[in-house]
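Chemist: okay, sequence plus prediction incoming.
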Amino acid sequence: MKLKLILVGKTIGSPLKEGIADYAGRLKHYAAFSIEEIPELKQASALSRDQIKEREGALIAARLKDSDHVILLDEHGRRFTSVAWARDLEQKLLHGSRDLVFVVGGAYGFSKSIYDRANEMLSLSEMTFSHQLVRLVFVEQLYRAFTIIRGEPYHHE
């Protein structure tokens, strides 16, 4: 099983890029993990929010396989503690046969077609984070989940 993170737009800022690269490198010790960035839309300022979401949705859909288990990072998704999410992820890894694809949308969220395609949604907090910051927070939480699954000392309770 492979894990993939799809990001709409480039990650902006060296600290975010460095943090994401650090945790992505650590994750490779546990699973096949990759990150795909979808380029920013050209001339997006001339488009409505709905048009932006639709065009981004088409770009996301083009990167998905029918067999993928798609999890959107969305403020309306399920909320877990780190330990509970690690257990949920562990069950998917043990009993699932499909690749897990996590998706961080653009500034305006996802199109209806991407919501319809998703198998589930995950929220990282009741607070709202920028779509830039959530990238780092998610990759760190994914790494944390693997250390919890393996009983390693990274996570403290």
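Modeler: Received, thanks.

Chemist: every contact and neighbour count from this point should use C-alpha atoms.
Modeler: Noted.

Chemist: may I have the phi/psi pair for Gln141?
Modeler: Comment: the main-chain dihedrals of Gln141 come out as phi -70, psi -30, following degrees, to the nearest 10.

Chemist: for Arg87, see how far away it is.
Modeler: Between Gln141 and Arg87 the computed distance is 13 Å (CA to CA, to the nearest Å).

Chemist: please enumerate the strands of the chain.
Modeler: Using DSSP state E, the strands assigned to the chain run over residues 2-8, 32-38, 69-79, 100-104, 120-123.

Chemist: and the residue nearest the centre of this protein?
Modeler: What sits nearest the mean C-alpha location of the chain, by CA atoms, centre = their mean, is Phe102, with 3.5 Å.

Chemist: so it touches Ile6, yeah?
Modeler: Yes - with contacts defined as CA atoms under 8 Å, Phe102 counts as touching Ile6 at a distance of 6.2 Å.

Chemist: got the residue ranges for the helices in this protein?
Modeler: Counting by DSSP state H, the chain has helices at residues 14-27, 49-61, 82-95, 112-117, 133-149.

Chemist: for the ones you listed, state which one has the densest average packing.
Modeler: Per-stretch averages of neighbours, counted by mean count of other CA atoms under 10 Å, single out helix 133-149 among the helices of the chain, with a mean of 19.

Chemist: now do that one against strand 32-38, angle only.
Modeler: Using axes from the mean of the first three to the mean of the last three CA atoms, to 10 degrees, the inter-axis angle of helix 133-149 relative to strand 32-38 is 170 degrees.

Chemist: farthest residue from the center of the chain?
Modeler: Ranking residues of the chain by C-alpha distance from their mean position (CA atoms, centre = their mean) puts Ala46 at the top, at 27.5 Å.

Chemist: would you mind measuring from that residue to Ile52?
Modeler: For Ala46, the distance to Ile52 - CA to CA - is 10 Å.
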